[in-house]
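Student: task: produce atomic coordinates for the following.
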Amino acid sequence: APKHFDFFTHTFGLKQTNQKICKECGLKTNREENLMSIDCQIRNKTDIHDSLATFCEIETMEGDDQVECDRCKKKCDTVLRTAISALPNVLILSLKRFDL
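Tutor: Numbers count the residues shown, from 1 in each chain. Okay, here's the model as predicted:
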């Protein structure tokens, strides 16, 4: 990549970690993504803190929504969560007001 992209990555780049946790064996699987902004759903939210809390909400996959565990080798109840693992110097929030 060209050298000037380093400035943008250093200034605006953040890391988002998506984590899967098997409720049977406890295996944690992390997938990290490099992003330049956070998409915040602000419709029906009282403030930006509420929107960011929704962005990082924990989701439990159970029943028909179970996820395949790499260790158990079967579908198991799984916890999915998203976290920001590295913050940029300048954070860009994309405020989503509409459902598309």
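
Student: who's in contact with the residue nearest the centre of the chain?
Tutor: Centroid-nearest residue in the chain, with CA atoms, centre = their mean: Thr82, separated by 3.3 Å. With contacts taken as CB atoms under 8 Å, 6 or more residues apart in numbering, Thr82 has the following neighbours: Gln16, Thr17, Asn18, Gln19, Phe55, Cys56, Glu57. Any C-beta I mention is one placed from the backbone N, CA and C, and that applies to glycine too.

Student: and those, which are buried?
Tutor: Neighbour counting with 16 or more other CB atoms under 10 Å marks Gln16, Gln19, Phe55 as buried within the contacts of Thr82.

Student: Asp65: which of those residues is nearest?
Tutor: Gln19 (16.7 Å; CB to CB).

Student: model confidence for the closest one, exactly?
Tutor: If you check Gln19, the pLDDT there is 97.

Student: show me where this protein has strands.
Tutor: In the chain, the segments counted as strands under DSSP state E are 14-22, 28-35, 38-41, 59-61, 67-68, 75-76, 78-86, 93-96.

Student: dump the ones you listed to JSON lines, plus distance to Ile48.
Tutor: Written out in JSON lines, the entries for these read as follows (distance: least, CB to CB, whole Å):
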{"stretch": "strand 14-22", "distance to Ile48": "16"}
{"stretch": "strand 28-35", "distance to Ile48": "17"}
{"stretch": "strand 38-41", "distance to Ile48": "7"}
{"stretch": "strand 59-61", "distance to Ile48": "21"}
{"stretch": "strand 67-68", "distance to Ile48": "30"}
{"stretch": "strand 75-76", "distance to Ile48": "35"}
{"stretch": "strand 78-86", "distance to Ile48": "14"}
{"stretch": "strand 93-96", "distance to Ile48": "7"}
